[in-house]
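Colleague: what would the 3D arrangement of this be:
(chains A and B)
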Protein chains: 2
Amino acid sequence: MELPHVKLELSGAEISGNLDERNPPICLPNQPSDASLLALDIGGTLIKLVYFSGGNEGNEQIGSGNATPGGELRFVKFERRRLGDCLEFIKSKKLIHDSGIITGLSNGHVAIKATGGGAYKFADVFKEKLGVSLDKLDEMDSVVAGANFLLKKIPGESFTHMDGKRTPIEINQKNLFPYLLVNIGSGVGIIKVTGNKIFERVTGTHIGGGTIFGLAKLLTGCTSYDDFLKLSQQGDNLVLDLIVKDICGELACQKQGLSASTLASSFGKVIDSKRKLSDYRAEDLATTLLSAFTYNIAQISFLVAALLGLKRVFFGGSYIRGHASTMDNISYAIDYWSKGQMQAIFLRHEGFLGALGALMSYENLDVDDLTLEDVKEQVKLVNHLDLFTIHL
Amino acid sequence: MELPHVKLELSGAEISGNLDERNPPICLPNQPSDASLLALDIGGTLIKLVYFSGGNEGNEQIGSGNATPGGELRFVKFERRRLGDCLEFIKSKKLIHDSGIITGLSNGHVAIKATGGGAYKFADVFKEKLGVSLDKLDEMDSVVAGANFLLKKIPGESFTHMDGKRTPIEINQKNLFPYLLVNIGSGVGIIKVTGNKIFERVTGTHIGGGTIFGLAKLLTGCTSYDDFLKLSQQGDNLVLDLIVKDICGELACQKQGLSASTLASSFGKVIDSKRKLSDYRAEDLATTLLSAFTYNIAQISFLVAALLGLKRVFFGGSYIRGHASTMDNISYAIDYWSKGQMQAIFLRHEGFLGALGALMSYENLDVDDLTLEDVKEQVKLVNHLDLFTIHL
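Modeller: Modelled structure (predicted):
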């Protein structure tokens, strides 16, 4: 059986839905509405799905043979331990079918583009339960392709977040590159992106979302990351954090011109206290955890950006969750350490960079302009990063 | 009453005691044995004392009027919450007395040199309980003076630590500067030292010893940092840490050439587990905590050193405690991230840099060679660090 090659038509893509919606659908007005498109990113904690839904509402038209253009990309997440729910979702939405325009093709079988470490680990499960292969893609390739697509093609995708206020950022396509991309998953990957397919995974840190949520589960007993974020909004970090005033006394801070409220040691107040874990409020523990580790991720990102001479740092990954305090902490830290010379920027589809990048790979879309300057920059970059080419 | 100025005589100083001893006494063969010398560093968690004991054994000769040269510097620590024990120790050892050569003089009163934030906070307590003033010194000045003294004057002070093996390092006095000094207290201070009194506090991190011990108390219920370190020696971090193999599967790691054992997310395995805190062994929690945060401190130190173009990073502060795994973790991380181009070096009196520096200030000792090159370097440094002059 010969199957037609899948066709992606992204011209005119734009965000549907209201401005505050998280992971809003992306309208694709020129994509044939009977197209079946699905891509996956199976990370350490979450499975992210991007799929195309023909028509403007509902999924009824999928696979109906209706070739009217129009439909939208939709974004869904599952906890990795609930893989069964994910498979059920794919079945119930009829996202894989072997008639009409199919998702992908590999040796005559339906093959779904998939990235993330779990794409390797769970390939057999997809084969067995859904009868499809996973066409496995490099994670960094996918994350960068997804970020570049969003930043170049989707108006209103990126924004800054300071003091609780979200401000849309217009990216000038001409000077998008180079930028630093910090992808906060279970761990954190830090990538310098120099062009459409030119990037270097500079470094990373093992203290990422998995660390925050892992410690949160142990310390507060919370069972979901969203519950943890809710707790963190109601807590007071000064119950556990040691600030400069606690060490010097307020008067001495004034005399010495020290900022009394500066954080000296996260969780440092616990040391001198007789209180046990059960004597602390879950809310205070959550707030302290979140600020300790978001500041740490921001500090490492700042140091790497300074080392590479970059002023713009984009933060993505599933652990931001559109959460105001997380973004405020990151923005504050980047601003503080850089003395206002660097800017933290966030993405509305932060958690779906890899999945979107995997989707892009159905067609070799994102190669519009690899200039001589890009190539020169890449050569310089490789020399520069000699100290840094590590794989955490 | 006119009192003679205190006299420090450090010529011929060397470490007494065996090579494995922690915080060994430093023999001062030419210091008059009746000298009374005491200096303090009151940090966020600990009070560090350095004092001079005349004669080679015991303290009986202190203040006895015996002016034969010889004696040793001794090093003692108290938890800050046990300030009373510290005051009692000072009394019982007769470290302050107003006859003979006194500790220090300020407006006709006995004044002890003291640094650390607590020197401000607890000045009144010392006045009330011991009748002495605290002559308060800048903490960074003191830490740097202490480090420079040890590195320049004390043979056998510094060493590397890899795979459980300690190797003494001979410092070439001629090219000691510049170096990076990472002081791990409750928080972490990171200082570029360019000359005897030329340095810049480059940055720091709020995730320091206070964070490790604070979380250790909450998670394991341990009551002392030394108990925590003991626990950490008997644990397995793979019970809680997510490594690359856990995400991809072992076979896929092999296929992709990934290092299966690379740490991806500290505490990341907790997320998918149904186990509660009480289901984990304290030993495993301790090991995971220690490695997560020592790697993090080392990574930030590496990034700062790379940014400043420094190859030698000295680690001090009270949280190292001569602990083999702590030093191994730091050494491994610095070696790994720098691809062997940087070296982590430790100090036998790691926890007493500030207290020693305070002691040095009784006489303006450490000013032997401020060259033109040092001054030029300083000017360059200040320009370079424009992004970095922060006070965490």
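
Colleague: can I get stretch A:131-139 in PDB, CA atoms only?
Modeller: Extracted in PDB, the C-alpha atoms of stretch A:131-139 (Å, rounded to 0.1, in the frame of the first residue of the first chain):
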ATOM      1  CA  GLY A 131       0.400  -0.900  16.400                       C
ATOM      2  CA  VAL A 132       2.500   2.100  15.500                       C
ATOM      3  CA  SER A 133       6.300   2.700  15.400                       C
ATOM      4  CA  LEU A 134       7.900   5.700  17.100                       C
ATOM      5  CA  ASP A 135      10.100   7.600  14.700                       C
ATOM      6  CA  LYS A 136      12.700   8.700  17.300                       C
ATOM      7  CA  LEU A 137      14.100  12.200  17.000                       C
ATOM      8  CA  ASP A 138      17.000  13.800  18.900                       C
ATOM      9  CA  GLU A 139      15.600  15.800  21.800                       C
END
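
Colleague: may I see the buried residues of that stretch?
Modeller: Neighbour-count burial for stretch A:131-139 flags A:V132, A:S133, A:L134, A:D135, A:K136, A:L137, A:E139 (criterion: 16 or more other C-beta atoms under 10 Å in any protein chain shown). The C-beta positions use only the backbone N, C-alpha and C, and glycine is treated the same way.

Colleague: which element, helix or strand, includes the closest residue to the first one other than its chain neighbours?
Modeller: Once flanking residues are discounted, A:V132 sits nearest to A:V110: 4.7 Å by C-beta to C-beta, 6 or more residues apart in numbering or on different chains. When secondary structure is defined using DSSP states H and E, the element that contains A:V110 is strand A:109-115.

Colleague: just how off-centre is that strand within its chain?
Modeller: On the basis of C-alpha atoms, centre = their mean, to the nearest Å, strand A:109-115 sits 21 Å off its chain's mean C-alpha point.

Colleague: what average pLDDT does the longest helix seen in chain A get?
Modeller: Secondary structure of chain A per DSSP state H: the longest helix is helix A:282-308. Averaged across helix A:282-308, pLDDT comes to 97.

Colleague: and the next element down the chain from that helix?
Modeller: The helix or strand immediately downstream of helix A:282-308 is strand A:312-316, counting by DSSP H and E.

Colleague: does that next one come close to chain B?
Modeller: No: Strand A:312-316 does not reach chain B (C-beta under 8 Å from any C-beta of the partner chain); its nearest approach is 13.6 Å.

Colleague: just the CA trace of that strand, in CSV.
Modeller: Provided in CSV are the C-alpha atoms of strand A:312-316 (Å, rounded to 0.1, in the frame of the first residue of the first chain):
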residue,chain,number,x,y,z
ARG,A,312,18.4,37.2,25.9
VAL,A,313,17.5,34.1,27.8
PHE,A,314,14.3,32.1,26.9
PHE,A,315,12.9,29.8,29.5
GLY,A,316,10.9,26.8,28.4
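
Colleague: pairing partners for that strand, with directions?
Modeller: Strand pairing for strand A:312-316, using DSSP bridges, gives strand A:179-184 (parallel), strand A:343-347 (parallel).

Colleague: would you turn those into a markdown table with mean pLDDT, distance to A:S273 and mean neighbour count?
Modeller: Shown next, in a markdown table, are the strands paired with strand A:312-316 (pLDDT from 0 to 100; distance: least, C-beta to C-beta, whole Å; neighbours: other C-beta atoms under 10 Å in any protein chain shown):
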| stretch | mean pLDDT | distance to A:S273 | mean neighbour count |
| --- | --- | --- | --- |
| strand A:179-184 | 97 | 31 | 26 |
| strand A:343-347 | 96 | 33 | 22 |
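
Colleague: of all these, which one is nearest B:L176?
Modeller: Distance to B:L176, taken as C-beta to C-beta, is lowest for strand A:179-184 among the strands paired with strand A:312-316, at 34.4 Å.

Colleague: helix or strand right after the closest one?
Modeller: strand A:188-193.

Colleague: tell me how chain A divides into domains.
Modeller: A:14-137, A:157-235+A:280-354+A:373-392, A:241-279 (automatic domain parsing).

Colleague: what's the nearest residue to A:F122 once chain neighbours are set aside in contact with, if anything?
Modeller: Excluding its sequence neighbours, the residue lying closest to A:F122 (C-beta to C-beta, 6+ apart) is A:I42, at 6.0 Å. Contacts for A:I42 (C-beta atoms under 8 Å, 6 or more residues apart in numbering or on different chains) come out as A:K48, A:R80, A:A114, A:T115, A:G116, A:G117, A:G118, A:A119, A:K121, A:F122.
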